[in-house]
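1. got a sequence here, can you model it:
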Amino acid sequence: MNRFLVPVLLLAAFALPLPSFAVELDTPLTCNESGHQFIADLVQQQLIDPKPSHVERNSINAFSPVSNANLTAFGFRVFAVVGFEKDDPLFRVGDGEPLAQSAYGAVVFGSEDKVKRALQDAGSTAIVHHVAPLITAIFCKRS
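-> Predicted coordinates for the structure are as follows:
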């Protein structure tokens, strides 16, 4: 049985997709850029779908990472990025009052407390917002 197990394991190892490298969003999430710059950079790098998957009433657009993207923010896995820039064709407008002139961020898998600690340790001024159990938004906005 052992002589069959080795070839099967080798075949399985080569048949599995190779993991993609992680792209860290820590630097942009220090809140030193615009919503346009943040989202446009990710679109240009082909890391997110250029069309928002959802638009909130406050005009925040949610973008999904492409299937092979491995985005992280402060060590947490990102499952969506969000953004808005007033009068920018990159973004759709919601039917309510926009949250800010420019805003962006990432939605991560992680508890609010752990994400807050990670941002404090990194010196980020981003806002941490509880979304759901173990889902937290890291958010930058400009008035």
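2. so Asn32: helix, strand or coil?
-> At Asn32 the chain is in coil, as set by DSSP: H, G, I helix; E, B strand; the rest coil.
3. from Asp26, how far off is it?
-> Counting by CB to CB, to the nearest Å, the separation of Asn32 from Asp26 is 12 Å. All C-beta atoms are positioned from the backbone trio N, CA, C, and that covers glycine.
4. kindly report the same for Ala122.
-> Using CB to CB, we find Ala122 at a distance of 6 Å from Asp26.
5. quick check: next helix or strand after the longest strand seen in the chain?
-> Assignment by DSSP state E gives strand 76-85 as the longest strand of the chain. Counting by DSSP states H and E, the element after strand 76-85 in chain order, helix or strand, is strand 102-109.
6. helices or strands up against that following strand?
-> helix 35-44, strand 70-73, strand 76-85, strand 135-142 (3 or more CB pairs under 8 Å, 6 or more residues apart in numbering; DSSP states H and E).
7. can those go into CSV with extra columns for distance to Lys51, mean pLDDT and mean neighbour count?
-> Formatted as CSV, the helices and strands packed on strand 102-109 follow (distance: least, CB to CB, whole Å; pLDDT from 0 to 100; neighbours: other CB atoms under 10 Å):
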stretch, distance to Lys51, mean pLDDT, mean neighbour count
helix 35-44, 10, 97, 19
strand 70-73, 17, 96, 20
strand 76-85, 13, 96, 23
strand 135-142, 20, 93, 21
